[in-house]
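> got a sequence here, can you model it:
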Amino acid sequence: QSSTTPAPAPSPAPSAAPKQVTVPDVSGVVEAKAKKQLEQLGLKVSVATAADDLPAGVVVRSSPDAGAAVDPGSTVRITVSQGRVAATPQQTTAQIMLKDYSGVALQAATDDLQRQGVSVAVAYQATRLQPSGYVVQTQPAAGSYLAPGGRVTLIVAR
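Model (predicted):
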């Protein structure tokens, strides 16, 4: 009876964190091409639509923004233009469409909103999505309609 002791299995190399990928700039690109570009980098894509001056079907913006480093498999939300949308009774010409202030300095965003007659509240969030003092997102979300005198909360990186 000869027993052979199996050689110890080589210990697996410590698994390194997945290499992050940079979100490409897909604004101005047709939706299908933008999705393909993001998926080729191993990213998932979710799509939202918004009224915009760009032609229907063209990407207006992405979240996270172009240039952001994200883990493979992360979801990138692209906002695709519906083209100009005719005003409905709830969206009279007096209403203001809230633009995307992400990546804009707090003071510049506040000044712009106040010029449009919108009151501004500020909330801070610990994040690496934007440098400290820059807008991460707004509430209500970009693309929403506000009546003059409406209120917007700027979520600002801390």
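
> switch to C-alpha atoms for all contacts and neighbour counts from now on
OK.

> now the residue nearest to G150 when sequence neighbours are not counted: how far from V60?
Nearest non-adjacent residue to G150, counting by C-alpha to C-alpha, 6 or more residues apart in numbering: V118, 5.2 Å away. Plainly put, V118 is 23 Å away from V60 if you go by C-alpha to C-alpha, to the nearest Å.

> contact partners for the most centrally placed residue in the chain?
In the chain, the residue lying closest to the centroid (C-alpha atoms, centre = their mean) is S63, at 1.4 Å. With contact taken as C-alpha atoms under 8 Å, 6 or more residues apart in numbering, S63 is in contact with 76-78.

> quick one: strands adjacent to the strand or helix carrying S62?
Here S62 sits within strand 59-63, counting by DSSP states H and E. Strand 59-63 has these partner strands in its sheet, going by DSSP bridges: strand 75-81 (antiparallel).

> gap between the two ends of stretch 46-57?
This stretch, stretch 46-57, spans 14 Å end to end (C-alpha to C-alpha).

> so how far is that stretch from its chain's centroid?
The chain centre lies 14 Å from the centre of stretch 46-57; the measure is C-alpha atoms, centre = their mean, to the nearest Å.

> now the strands for the chain?
If DSSP state E is used as the criterion, the strands of the chain fall at 21-22, 44-50, 59-63, 69-70, 75-81, 96-97, 119-125, 135-139, 145-146, 151-157.

> returning to what we had before: more neighbours, V118 and V60?
Each of V118 and V60 has its neighbours counted (other C-alpha atoms under 10 Å); V60 has more, 25 against 20.

> so the more buried one makes contact with Q82?
No: the criterion here is C-alpha atoms under 8 Å, and V60 misses it with Q82 at 9.8 Å.

> what touches both of these two?
Common contact partners of V60 and Q82 (C-alpha under 8 Å, 6+ apart): D52.

> relative to L154, how far out is P24?
Separation of P24 from L154 (C-alpha to C-alpha) stands at 25 Å.
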